[in-house]
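> Can you look at this prediction? I've put the sequence above it.
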Amino acid sequence: MPDSFSQITTTGYGNRIVNSLKGVVIGLILFVASFGLLYWNEGRVDLSTIAKTATEISSATVNTDPSLRGKLVSTTGVVNSNQMIGDNLFLNSDKFIAAERKVEMYSWKEESESHSQKNMGGSQTTETTYTYSKDWEENPTSSSDFKHPEGHENPQKSLDSSTNKATAATIGVYNFDPQSVTLPNFSQLPLHSQKVTLSDGATLANDSYLFIRKSEGGTFDSPHIGDLRISYQVLRPGFDGTIFGTLSGSKIDPYFDQNGNNLYRLFIGTRDQAIATLHSEYSTLLWILRLVGFLLMWFGLLALFEPISVIMDFLPIFGAISRSLIGVITFLVAFVLTIMTILVSMLLHSFIALIIALVITVGAIITFFVILKNKKAVPVPAPILVPTPPPTNPLENFVREARARGMSNDQIHQELLNSGWSNDDITRVLG
């Protein structure tokens, strides 16, 4: 059978409208869920802030300070374990803190790709292509979930992956439980004949994999469906590490704070490196979940308005324009709402920040009303009265004009006497 299949389906205009209305419910759920996710994400605890409060103790001698018993501590030293562990199958026992067996099966996998076209009148034609290929998969898909299982049957995986951990280990003079503590990343174990015991048809393919043939004629370089390959990752003792947990005599136990936050983790490196790793993990997940929250909100809004575009698909060009406009508008709305939700969530999760925000808000409101009240209380200034000039005196006018013509006071005096003015009035005006 061919390894690629195409399926063409056509959905009528009425069915598309009904489906879009059903999608409104899903869109509403996504939209509401986005607020919950964003709020919860902003309230997550950055474990690096808890780690910074840990009391640092020496790993050379057991700390006997009674005030530290049951408290969060950190210590840095050489991590060791004398226990011998393997995978109880192929990997020989050795000094490992942990050993992980990864089993992959050569199997079929399905990929699909769809292309849709809107038709005049509102119907939609979709062509979906299913492609089948072979690859190594740790968790192969059941053939019953394939669109075309015929000729692509995956057998049941006969061997599972597993992880074994030592039951006891030390960091300096302190004991800790490798079964409970969060361990650092493992490293690839190079394989050779002294490291493994070959049984059940297993062969050493190279320094990275064991190979188990489960088919007729399969080889590591040319495997058949059902064949297995096995690799190992381990955590060896002897490295410098840092552990955070509760001090219990000569043992470091899991730590839980009053809010139920747990910190019991082993790191490779120093205390500062461990704290930096915790903060980096927190920040990375913080931004990932912020992006997920935004996308949930945007896709939810798109689904809420999808019926509009579907109705306008009666003429495909109108539907396309509608989707473009709605896509841009809902993107901007989702972006603004996401930022606002993040800011409000940060305030609600931080008591101090919430108090500061309330004080600023109340202060702004009080200031506004005080300014408004003062504006109402300001008295209206009285109008400025311009004094009316006194009536014009003809005698003074004559004297002024005569002087302007160059006449002396005697000439003016004589002229006024001749005109019938009294001597007293003339003397008063001439000064």
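Nice, I can see it.
> List the buried residues in the strand ranked longest in the chain.
Criterion DSSP state E: the longest strand present in the chain is strand 98-118. Buried residues in strand 98-118, counted by 16 or more other Cβ atoms under 10 Å: 98-101, 103-110, 118. All C-beta spots, glycine's among them, are computed from the backbone N, C-alpha and C.
> Mind splitting this protein into its structural domains?
If you go by automatic domain parsing, the domain ranges for the chain are 4-288, 394-430.
> of all the ones you listed, which lies closest to residue 361?
Smallest distance to residue 361 across the domains of the chain (Cβ to Cβ): 19.7 Å, for domain 4-288.
> residue contacts, residue 202?
Residue 202 makes contacts with 90, 196, 210, 211, 212, 230, as judged by Cβ atoms under 8 Å, 6 or more residues apart in numbering.
> with those residues in mind, which one is nearest to residue 306?
Looking at these and their distance to residue 306, the nearest is residue 230, at 48.1 Å (Cβ to Cβ).
> Walking through the stretch 151-300 of the chain, point out its strands one by one.
162-165, 169-171, 174-176, 187-188, 202-204, 210-212, 228-235, 239-248, 251-253, 255-256, 262-263, 265-268 (DSSP state E, counting those that start in this stretch).
> what are the bridge partners for residue 118, then?
Here residue 118 sits in beta bridges with residue 124, going by DSSP bridges.
> you'd agree it is up against residue 318?
No: assessed by Cβ atoms under 8 Å, residue 118 is found out of contact with residue 318, at 10.0 Å.
> Look up the closest residue to residue 68, ignoring the ones flanking it.
Nearest residue to residue 68 in three dimensions, chain neighbours excluded: residue 247, at 5.2 Å (Cβ to Cβ, 6 or more residues apart in numbering).
> my read: the one you found touches residue 71, true?
Yes: at 6.0 Å, residue 247 counts as touching residue 71 under the criterion of Cβ under 8 Å.
> out of these two, which sits in the more crowded spot?
residue 247 (24 against 14; other Cβ atoms under 10 Å).
> before we move on, back to that, closest to residue 332 out of the domains of the chain?
domain 4-288 (15.1 Å).
> Just the terminal-to-terminal distance for the closest one.
Criterion Cα to Cα, to the nearest Å; first-to-last residue distance in domain 4-288 is 35 Å.
> Next: stretch 56-68.
Start-to-end, stretch 56-68 (Cα to Cα) is 10 Å.
> Please point out which parts of it sit buried.
For stretch 56-68, a neighbour-count test (16+ other Cβ under 10 Å) marks 57, 59, 63 as buried.
> How about stretch 180-191?
181, 183, 184, 186, 189, 191.
> can I assume the third one is in contact with residue 235?
Yes: using Cβ under 8 Å, residue 184 is in contact with residue 235, at 6.8 Å.
> all helices for this protein, in order.
13-42, 47-52, 271-312, 316-349, 351-377, 394-405, 409-418, 423-430 (DSSP state H).
> about what we covered before: any idea which of the buried residues of stretch 56-68 is the one closest to residue 414?
Closest to residue 414, out of all of those and judged by Cβ to Cβ, is residue 57, at 123.1 Å.
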